[in-house]
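> Using only what follows, build the 3D model:
(chains A, B, C and D)
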Number of protein chains: 2
Amino acid sequence: MHDDDIANIMRALGHPVRLNILRFLASQQQGECCCGDVTESLPLAQSTVSQHIKVLLDAGLIERKAHGTRNRYTIRHDRLEEVSSAFGGLLDGLSFRAPQKEAEPA
Amino acid sequence: MHDDDIANIMRALGHPVRLNILRFLASQQQGECCCGDVTESLPLAQSTVSQHIKVLLDAGLIERKAHGTRNRYTIRHDRLEEVSSAFGGLLDGLSFRAPQKEAEPA
DNA sequence: CGGAATGATCGGTGAATTGCGATGAACATG
DNA sequence: CATGTTCATCGCAATTCACCGATCATTCCG
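Next up, the predicted model:
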């Protein structure tokens, strides 16, 4: 994963409403979870929620499955794994300046 | 850590230049690392770099120490730990909708 | 004290984000 | 086919972001 991808995903995660939506989806996982449900759980207009959902979609964090007249959204756990490891890698890279040598000064 | 804090930090991490700056700081850790050094490593104006540094500062990800006429910047590893665990917690919360029951169906 | 260097901050510009209501496409149902 | 539901998308306004050059405060040095 490149910096741009990571940055993209971080930006997608960088809004409290979006975190809320993700959490809501996670909590509803097994059942229905359409845009309307999400909208009801938030003090925002439907169009705004749809917008936020689109950001999450574009970042690849959620998935849309058409289901009759509704759209069912689910979290992409596979992607979450990737994000997790990319983030871990990022933090690793930042920690104590990844030494070039294979052993630390004994 | 609240959603707003997490979102804030994610937003701070949500720009490739800022990731670059962090990495650069990490790589220079032991020595000097002032704004000028960072600026030289990027195709951006000094004021822009300073701006990005401010974002990282505000997010608490780096630290400024005055050092004569220069400012020395360092990564706040303590904070990075916090971020790491907060992020882990977030992902945990999103994974497989944290079951209410203490045991899974055996 | 008079430069020179460093770098934060200010003002400005254009692009992107966030929010909204309104519209329109897709689908189910009578 | 007409109607109702769901929701993505389209303007639109307000705010924030990213970037820049210019300026100003601080500090060092002669």
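> what's stretch A:18-27 in contact with?
A:12-13, A:33, A:37-38, A:41-42, A:49, A:52-53, A:55-56, A:61-62, A:73-75, B:3, B:6-7, B:90, B:93-98 (Cβ atoms under 8 Å, 6 or more residues apart in numbering or on different chains). C-beta: built from backbone N, CA, C; applies to glycine.
> Is stretch A:9-26 in proximity to DNA strand C?
Yes - using Cβ under 7 Å from any atom of the strand, we find that stretch A:9-26 touches DNA strand C at A:11, A:14-15, A:17.
> And stretch A:39-50, by the same measure?
Yes - applying Cβ under 7 Å from any atom of the strand, one finds stretch A:39-50 touching DNA strand C at A:43-48.
> So for that stretch, mean pLDDT?
The pLDDT scores in stretch A:39-50 average 97.
> Output it as PDB, restricted to C-alpha atoms.
Extracted as PDB, the C-alpha positions of stretch A:39-50 are listed here (Å, rounded to 0.1, in the frame of the first residue of the first chain):
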ATOM      1  CA  THR A  39     -29.700   8.100   8.500                       C
ATOM      2  CA  GLU A  40     -32.100   7.400  11.300                       C
ATOM      3  CA  SER A  41     -29.200   6.900  13.700                       C
ATOM      4  CA  LEU A  42     -27.700  10.200  12.900                       C
ATOM      5  CA  PRO A  43     -28.800  13.900  13.100                       C
ATOM      6  CA  LEU A  44     -28.100  14.400   9.500                       C
ATOM      7  CA  ALA A  45     -30.000  14.600   6.200                       C
ATOM      8  CA  GLN A  46     -30.200  11.600   4.000                       C
ATOM      9  CA  SER A  47     -28.200  13.200   1.300                       C
ATOM     10  CA  THR A  48     -25.400  14.000   3.700                       C
ATOM     11  CA  VAL A  49     -25.300  10.400   5.000                       C
ATOM     12  CA  SER A  50     -25.200   9.200   1.500                       C
END
